[in-house]
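A.B. asks: need a structure here:
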Amino acid sequence: MKNLRAHLYIEGIVQGVFYRAFVRELALKSGLRGWVRNLPDGRVEAVFEGKDEDVEKAIVECYKGPPGAHVTNIDVVWESCKGEFRGFDIRY
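C.D. replies: Here you go, the predicted model:
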């Protein structure tokens, strides 16, 4: 297993439905580090760092989201793992 970093841009009904809190809980349960935030265009942006299988499983879960969310697309940009995060934050 190696560590991966995934930069996600999540589209659909993902604001105003506790999506960021869902992503934070998912990351904490999965042992991932990084952050999540709303974007002005209605998307949610997130960065996950951690073990490759944990990152990949989290991305699959992001398609489900919390009740009230409807994810239509997730663009994933794979980046080199930098190890710069200590936990997982919701950014404002």
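A.B. asks: How about the contacts made by Tyr9?
C.D. replies: When contacts are counted by Cβ atoms under 8 Å, 6 or more residues apart in numbering, Tyr9 touches Leu39, Arg43, Val44, Glu45, Ile74, Asp75, Val77. (Each C-beta comes from the backbone N, C-alpha and C, glycine too.)
A.B. asks: Out of those residues, which sit inside strands?
C.D. replies: Val44, Glu45, Ile74, Asp75, Val77 (DSSP state E).
A.B. asks: Who wins on neighbours among these?
C.D. replies: Greatest neighbour count in these, by other Cβ atoms under 10 Å, goes to Val44: 25 neighbours.
A.B. asks: Who does that one form a beta bridge with?
C.D. replies: Ile10, Asn38 (DSSP bridges).
A.B. asks: in terms of contact, does it touch Gly16 like I think?
C.D. replies: No: Val44 is not in contact with Gly16 according to Cβ atoms under 8 Å; the separation is 10.9 Å.
A.B. asks: so can I have CSV of the contacts of Tyr9 showing distance to His7 and pLDDT?
C.D. replies: Formatted as CSV, the contacts of Tyr9 follow (distance: Cβ to Cβ, whole Å; pLDDT from 0 to 100):
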residue, distance to His7, pLDDT
Leu39, 12, 98
Arg43, 12, 98
Val44, 12, 98
Glu45, 8, 98
Ile74, 11, 98
Asp75, 9, 98
Val77, 4, 98
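A.B. asks: Identify, from the residues you listed, the entry nearest to Gly87.
C.D. replies: Distance to Gly87, by Cβ to Cβ, is smallest for Glu45 among the contacts of Tyr9, at 17.4 Å.
A.B. asks: That's all I had, so thanks and see you.
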